[in-house]
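Asker: Model the structure of this input:
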Amino acid sequence: MKIWYPKQYSQGDYENVQEYISKCQLDLFVLKDILNKNINLSRWNAINERLVQSQQLHIIDGRQVEAIEIAKRYVYALTCYYDTAITKCYYDVPALLKCPNTVDSLRRIIRYIEFGFDDIPPMNWIRHSYTIFTDYVLGEGLN
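Answerer: Down below sits the predicted model:
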């Protein structure tokens, strides 16, 4: 799930693309902090059993899966990338990264949790955090 940086390279006063990318990389720490602060433990714990019982996860035999660990792994693994075609940075986790104790892609499981599916209502954790992050990047500060 790509999280686009709120500003495009051409929208800022950057001397070169590398300066823009460096700014995006620095702001990744802010985004991760916002995501961590917006983790609602009770909501993540509430979906844990339904997530494990759903057909969306393919758990490795005998392993435990904790929804909160999925969220933490996602935040930890977020990385900054630069799309040369549209001259804009984005954040994402590596495609081959697996959800803890499963054979499933972390990207796919986070998408299911964020947008919801039959057994779990939408979490809206990333979208809510992105709104706060956008305000920060555009100069409206953190609340």
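Asker: I figured Gln25 was touching Thr79, is that so?
Answerer: No: counting by C-beta atoms under 8 Å, Gln25 does not reach Thr79; the two are 9.2 Å apart. Every C-beta, even on glycine, is put in place using the N, C-alpha and C of the backbone.
Asker: Give me the more crowded residue out of those two.
Answerer: Gln25 (15 against 12; other C-beta atoms under 10 Å).
Asker: Skip the chain neighbours and tell me the closest residue to the more buried one.
Answerer: Nearest residue to Gln25 in three dimensions, chain neighbours excluded: Cys80, at 4.7 Å (C-beta to C-beta, 6 or more residues apart in numbering).
Asker: Could you tell me the phi and psi values at the one you found?
Answerer: Backbone geometry at Cys80, expressed as degrees, to the nearest 10, gives phi -90, psi 130.
Asker: Report pLDDT for it.
Answerer: We have a pLDDT of 98 for Cys80.
Asker: Equivalent analysis for the one 4 residues further on, please.
Answerer: Here the pLDDT value assigned to Thr84 is 95.
Asker: Buried residues in the helix or strand hosting Asp33, which are they?
Answerer: Secondary structure assignment for Asp33, by DSSP states H and E: helix 17-37. Going by neighbour count (16 or more other C-beta atoms under 10 Å), the buried part of helix 17-37 is 20-21, 23-24, 27-28, 31-32, 34-35.
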